[in-house]
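In: Return atomic coordinates for the entry below.
(one chain, ligands or ions: 2)
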Amino acid sequence: MNIPPPIGLLAELTHRCPLQCPYCSNPIELDRKSGELDTRTWKRVLSEAAALGILQVHLSGGEPTARADLAEIIAHCRLENIYTNLITSGVLLSEKGLRALYDAGLDHVQLSFQDVEVAKADRIGGYKGGHEKKLALAAEVVAIGLLLTVNAVIHRQNIGSTEAFVELAVKLGAKRIEIAHTQYYGWALANRKALMPTHQQALDAVQLLESLRRRYDGIIVIDAVVPDYYARFPKACVGGWGRRVINVSPSGKVLPCHAAETIPGLFFDNVKDKSLEAIWLHSPAFNAYRGTDWMPEPCQSCERKEIDWGGCRCQAMALTGRAENTDPACSLSAFNSQMRAIAGESAMTADSEFRYRRFDG
Ligand code: SF4
Ligand code: SF4
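Out: Ligands and ions are numbered 1, 2, ... in the order given. I've put the predicted structure just below:
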């Protein structure tokens, strides 16, 4: 099989994070600080990424600014001509800290917001004072001349703020907003009953986004990740398994997607033992669901198989017990009615209490 190089690397620098978002897609079992890759190893991995043809690195976590060596890591990316995108909650970053990252060569900031009002946002993030800090940081990002994207993860307890999220992003001077309906992995799966919107709410939000795109055309780009549980066909999860992105966990495990560890039986190579290129090309975990040969029916004879690449393996695992099964988000899947039943049942529950992502690192 001809395997083209990945276009992006998701570098999960740490699982530590001062926020406690109940929709967090990090695994329930989080990597501790003592097990994190050191600076030298990250630099070597980033050089290997550049040699592999990777053009863009997403510095993520947890909260990447919890790492004291972040500026050094960014400077190394600049040295290797890799574009850097910092995905941050923003609450740990001072003006001076931001300036240091900018001076090191940072290209872009993706700043997450939990809601548009202080009390609601701080409740969802489980962090008092967080929203005000984010507003201040957004202003500094724009003032310094960095490109800003606002990230908003949508669920039942903030779906009514969709329009206000876009208005906030415009007001802050962001050039792009990513409205992502919650993906139910990790902590989000544990909180599904408190997060799942109703079918009608999801439909309304999708229509609203269409009208917002028209209203703000030329002012801000609105990207949206549609709510899987109510979709007709699945999304091409991570652009297709082993096709476009490579994910390195805080402890150095190399994953085809950040939730891949939920699939039992897959072995993940570690950057401490092998080069990124060797892992990308030969790791059994990457080759397990690469391409289309592994697909069962109805995917195997479906005309969309090279459009959505069979959807999401982790979702198939979570809802059907087998990663090989057709993604239950697909209306052609034998498990689709089961998924819709789960969605309907979760959405109608009165549960609004969160199980917060608490982690002492
Ligand atoms: S989703 Fe929330 S808790 Fe999870 S890493 Fe991002 S800011 Fe931290
Ligand atoms: S049957 Fe498979 S390939 Fe076809 S749309 Fe559904 S998930 Fe995609």
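
In: what helices or strands is the helix or strand harbouring Ser47 leaning on?
Out: Assigned by DSSP states H and E, Ser47 belongs to helix 39-52. The elements that helix 39-52 packs onto, with contact taken as 3 or more C-beta pairs under 8 Å, 6 or more residues apart in numbering; DSSP states H and E, are strand 8-12, helix 70-79, helix 276-282. For glycine as for every other residue, the C-beta is placed from the backbone atoms N, C-alpha and C.

In: redo that, cut-off 7 Å
Out: Counting contacts by 3 or more C-beta pairs under 7 Å, 6 or more residues apart in numbering; DSSP states H and E, helix 39-52 packs against helix 70-79, helix 276-282.

In: Take those helices and lay them out in TSV including distance to ligand 2 and mean neighbour count.
Out: Shown next, in TSV, are the helices and strands packed on helix 39-52 (distance: least, C-beta to the nearest ligand atom, whole Å; neighbours: other C-beta atoms under 10 Å):
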stretch	distance to ligand 2	mean neighbour count
helix 70-79	35	20
helix 276-282	24	18
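
In: quick one, which of the ones you listed is nearest to ligand 1?
Out: Nearest to ligand 1 among the helices and strands packed on helix 39-52 is helix 70-79 (14.8 Å), distances taken as C-beta to the nearest ligand atom.

In: Can I get the helices and strands packed on helix 39-52 in TSV including mean pLDDT and distance to Phe335?
Out: Output for the helices and strands packed on helix 39-52, formatted as TSV (pLDDT from 0 to 100; distance: least, C-beta to C-beta, whole Å):
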stretch	mean pLDDT	distance to Phe335
helix 70-79	98	41
helix 276-282	97	31
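
In: can you put these in CSV and add distance to Ile220?
Out: Below are these laid out as CSV (distance: least, C-beta to C-beta, whole Å):
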stretch, distance to Ile220
helix 70-79, 26
helix 276-282, 34
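
In: mind putting these in a markdown table, distance to ligand 1 included?
Out: Output for these, formatted as a markdown table (distance: least, C-beta to the nearest ligand atom, whole Å):
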| stretch | distance to ligand 1 |
| --- | --- |
| helix 70-79 | 15 |
| helix 276-282 | 23 |
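
In: quick one, which of the ones you listed is nearest to Pro296?
Out: Of all the helices and strands packed on helix 39-52, helix 276-282 sits nearest to Pro296, with 24.4 Å by C-beta to C-beta.

In: got the buried residues for the helix or strand just after the closest one?
Out: Downstream of helix 276-282, the first helix or strand assigned by DSSP H and E is helix 284-288. Residues Ala285, Phe286, Asn287, Ala288 are the ones in helix 284-288 that count as buried (16 or more other C-beta atoms under 10 Å).

In: Who are the contact partners of the nearest residue to the first one once chain neighbours are set aside?
Out: It stands for Ala285. What sits nearest to Ala285 in space, not counting adjacent residues and going by C-beta to C-beta, 6 or more residues apart in numbering, is Leu266, at 4.5 Å. When contacts are counted by C-beta atoms under 7 Å, 6 or more residues apart in numbering, Leu266 touches Ala260, Ala285, Ala288.

In: follow-up on the earlier one: with pLDDT as extra columns, can I get the buried residues of helix 284-288 in a markdown table?
Out: Formatted as a markdown table, those follow (pLDDT from 0 to 100):
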| residue | pLDDT |
| --- | --- |
| Ala285 | 96 |
| Phe286 | 96 |
| Asn287 | 96 |
| Ala288 | 96 |
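
In: What count of nearby residues applies to the residue nearest to Thr88 when sequence neighbours are not counted?
Out: Distance criterion C-beta to C-beta, 6+ apart; nearest residue to Thr88, sequence neighbours excluded, is Thr65 at 5.7 Å. Using other C-beta atoms under 10 Å, Thr65 has 25 other residues around it.

In: which stretches of the protein form helices?
Out: In the chain, the helices defined using DSSP state H lie at 39-52, 70-79, 95-104, 118-125, 130-144, 162-172, 186-190, 192-195, 199-215, 276-282, 284-288, 313-320, 336-348.

In: Compare those helices and give me the one nearest Ser25.
Out: For the helices of the chain, the distance to Ser25 is smallest for helix 186-190, at 4.9 Å, taking C-beta to C-beta.
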